[in-house]
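Q: heads up, no residue letters with this:
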Ligand code: HEM
């Protein structure tokens, strides 16, 4: 009996702490839930606003924002979606509360194509993403030599086939799949996509290319043919290669971090997708806008003639002095952001502008609409680099 009493003794003290804590947590959660969802168009039972799927583009969402405001709510099947079209709300989501909003949602297709988020772009915010980012910034993006990526480009001798594979990937990345929104309706294939077999086929085709690049680099390294002068970014990645993944947060990147073959393949893919269309679109739009504004074109040409001259190509070290060119790029990205809608996901529930955002919600930040926001920009539709 005495033993029982002794065992119970710490209990009142623990209860004294835990009960008020539970009460407090309950109260907070109750208050949170009392918050309303942001405004938004009314949905139907079960499917919610799924019939508005075709309006989930930067232009469609900008139109809806005129009616419902800078933060509005849609429900797509089981998933809550929030569209952000005002700079103040975007700052809340991307800066003030970035710890909650920094994950990216992955559809079933994206998870499959990225080897279950083995890359950086779709890795959840956490130790793996932080180490991956450190590695990319230090080793991959800091390289002065653009040729660092050349093996990835040159390897693709079957250019036409390679482009076709990339195009199929892009389609699959964006394909609507009802199973993402209402899992138990996954057997329906409304657009006749036959998604699963297309995914497997696309993955296999791209693997052929990337595996070849990796095998050749491994071979080169085994023969001791890799030196600082001739190493490229795939060699840099392979320096972290191991059969077993390992992540721990130490400053010594080389010892604390290991990449599997899937990680390496997925990073190469990130760069293929993240760094090609975006750059091409920015260049095309910059040239288009300059052709439409001959006065601006003259200013950029004059600056290039003054800083670089007509005898050589532009080098990275010139950029600091090419201020008008930089403003032109910024103005181009304002009007034509190559990724006009940023997709994020909430890691936990949150409150934004007095509204309730549940955990695991999708948040679409409309960079295109924010770049043209009338309250932030004077004469927003006009291309005017000097505003920067
Ligand atoms: C004009 C050129 C580019 C534009 C406009 C652009 C735009 C973006 C945007 C909007 C994001 C996502 C931000 C967010 O969701 O909050 C992003 C992420 C990313 N971009 Fe780019 N990008 C460009 C060039 C590149 C290049 C050249 C590379 C690779 C060599 C690259 C690799 C990546 C990667 C890996 C991520 C994911 C980063 C992370 O999750 O931490 N991008 N980019």
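A: Yep, that arrived. The model shown is predicted, which means the values in this text are computed figures rather than measured ones. Numbers count the residues shown, from 1 in each chain.

Q: Check what pLDDT the residue in the stretch 51-200 of the chain that the ligand sits nearest to gets.
A: Nearest residue of the stretch 51-200 of the chain to the ligand: residue 121, at 3.8 Å (CB to the nearest ligand atom). Yep, even glycine has a C-beta here, placed from its N, CA and C like the rest. For residue 121, the pLDDT comes out at 92.

Q: which residues touch the closest residue to it other than its chain neighbours?
A: Leaving aside its chain neighbours, residue 121 sits nearest to residue 270 (5.0 Å; criterion: CB to CB, 6 or more residues apart in numbering). By CB atoms under 8 Å, 6 or more residues apart in numbering, the contact set of residue 270 is 119, 120, 121.

Q: that's a helix at residue 270, yeah?
A: Yes: counting by DSSP: H, G, I helix; E, B strand; the rest coil, residue 270 is located in a helix.

Q: quick one: the strands in the stretch 151-300 of the chain?
A: Taking DSSP state E, counting those that start in this stretch, the strands of the stretch 151-300 of the chain run over residues 246-247, 257-258.

Q: by contact count, what packs against the last one?
A: Just to be clear, that refers to strand 257-258. If you count contacts as 3 or more CB pairs under 8 Å, 6 or more residues apart in numbering; DSSP states H and E, strand 257-258 packs onto strand 246-247.

Q: quick one on the thing from earlier: I figured the residue of the stretch 51-200 of the chain closest to the ligand hits residue 103, correct?
A: No: the criterion here is CB atoms under 8 Å, and residue 121 misses it with residue 103 at 11.2 Å.

Q: so where's the stretch 151-300 of the chain uncertain?
A: Within the stretch 151-300 of the chain, the stretches with pLDDT under 70 are 151-158, 190-193, 246, 249, 251, 254.

Q: same thing but 90
A: For the stretch 151-300 of the chain, the stretches flagged by pLDDT under 90 are 151-199, 206, 209-210, 213, 220-237, 239, 242-258, 268-277.

Q: before we move on, what about the stretch 1-150 of the chain?
A: Counting by pLDDT under 90, the stretch 1-150 of the chain has low-confidence residues at 1-35, 107-109, 134-150.

Q: What parts of it come near the ligand?
A: 120, 121, 133 (CB under 6 Å from any ligand atom).

Q: could the residues you listed go into CSV alongside neighbour count?
A: Formatted as CSV, these follow (neighbours: other CB atoms under 10 Å):
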residue, neighbour count
120, 21
121, 18
133, 14
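
Q: closest to residue 52 among those?
A: Nearest to residue 52 among those: residue 121, at 26.7 Å, using CB to CB.

Q: State the phi and psi torsions of the closest one.
A: Note on residue 121: its backbone torsions stand at phi -60, psi -40 [degrees, to the nearest 10].

Q: show me the contacts for it.
A: Contacts here follow CB under 8 Å, 6+ apart; on that basis residue 121 touches 104, 114, 270, 274.

Q: now the last one: how far from residue 122?
A: When you say that, I think you mean residue 274. Using CB to CB, to the nearest Å, residue 274 is found at 11 Å from residue 122.

Q: So these two - more neighbours on which side?
A: A count of neighbours by other CB atoms under 10 Å puts residue 122 above the other of residue 274 and residue 122, at 20 against 15.

Q: distance of the more buried one from residue 63?
A: In this view, residue 122 and residue 63 are 29 Å apart by CB to CB.

Q: and if you look at residue 373?
A: 14 Å.

Q: more crowded one of the two?
A: The residue with more neighbours, out of residue 373 and residue 63, is residue 373; 18 against 13, by other CB under 10 Å.

Q: Looks like the more buried one contacts residue 89 (just checking).
A: No: the criterion here is CB under 8 Å, and residue 373 misses it with residue 89 at 11.1 Å.

Q: what about residue 41, which SS state?
A: At residue 41 the chain is in coil, as set by three-state DSSP.

Q: got a list of what it touches?
A: Residue 41 touches 49, 52, 64, 68, 74, counting by CB under 8 Å, 6+ apart.

Q: Pipe those into JSON lines and attach distance to residue 288, neighbour count and secondary structure per row.
A: Putting the contacts of residue 41 into JSON lines (distance: CB to CB, whole Å; neighbours: other CB atoms under 10 Å; DSSP: H, G, I helix; E, B strand; the rest coil) gives the following:
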{"residue": "49", "distance to residue 288": "35", "neighbour count": "20", "secondary structure": "coil"}
{"residue": "52", "distance to residue 288": "31", "neighbour count": "17", "secondary structure": "helix"}
{"residue": "64", "distance to residue 288": "28", "neighbour count": "21", "secondary structure": "helix"}
{"residue": "68", "distance to residue 288": "32", "neighbour count": "17", "secondary structure": "helix"}
{"residue": "74", "distance to residue 288": "33", "neighbour count": "26", "secondary structure": "strand"}
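
Q: If anything else comes up later, I'll come back, but that's it for now.
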